[in-house]
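[1] Based on what follows, work out the 3D shape:
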Amino acid sequence: MTLPLVLALAAEDDLHDAADWYDAQQPGLGDSFLRSVDVGLARIRRFPQSFPSGEQGIRSALLRRFPYAVLFRIREARIEVIAIWHGRRDPEDWQERLSPRPRA
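    As a prediction, the model looks like this:
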């Protein structure tokens, strides 16, 4: 049985921002990026435990052709995608997404 996969809002923003950036570099490249992410998400859905687990149970699936990783964690009833992250970005930025936000 496969678990449902849910993208956090921040991960959706990562996805769209990267696709827009690639399209600005070369028309159609954003679509290639999105297809690569789809392939990565399909691999995660099929074999979530096959990806190495790091701090706080965060797993990383590298994309082919693009220098990005899909960062996710396995919960009881779902797979949560936390970020779609460029390899050269500071990992502390996505790690902040894991911290509870202070109440206003």
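
[2] got any ranges where the chain has weak pLDDT?
    The model of the chain has pLDDT under 70 over residues 1, 99-104.

[3] That one: helices as residue ranges?
    Remark: helices assigned in the chain by DSSP state H are 9-25, 29-46, 91-95.

[4] Other residues contacting the last one?
    Same thing as helix 91-95. If you take Cβ atoms under 8 Å, 6 or more residues apart in numbering as the criterion, helix 91-95 is touched by 71, 82-83, 85. In short, each C-beta sits where N, CA and C put it, glycine included.

[5] Minimum distance to residue 3: which of the helices of the chain has it?
    Closest approach to residue 3 among the helices of the chain (Cβ to Cβ): helix 29-46, 7.4 Å.

[6] Please produce JSON lines containing the contacts of helix 91-95, extended by distance to residue 8 and neighbour count.
    Listed next are those as JSON lines, based on distance: Cβ to Cβ, whole Å; neighbours: other Cβ atoms under 10 Å:
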{"residue": "71", "distance to residue 8": "10", "neighbour count": "25"}
{"residue": "82", "distance to residue 8": "6", "neighbour count": "21"}
{"residue": "83", "distance to residue 8": "8", "neighbour count": "26"}
{"residue": "85", "distance to residue 8": "12", "neighbour count": "20"}
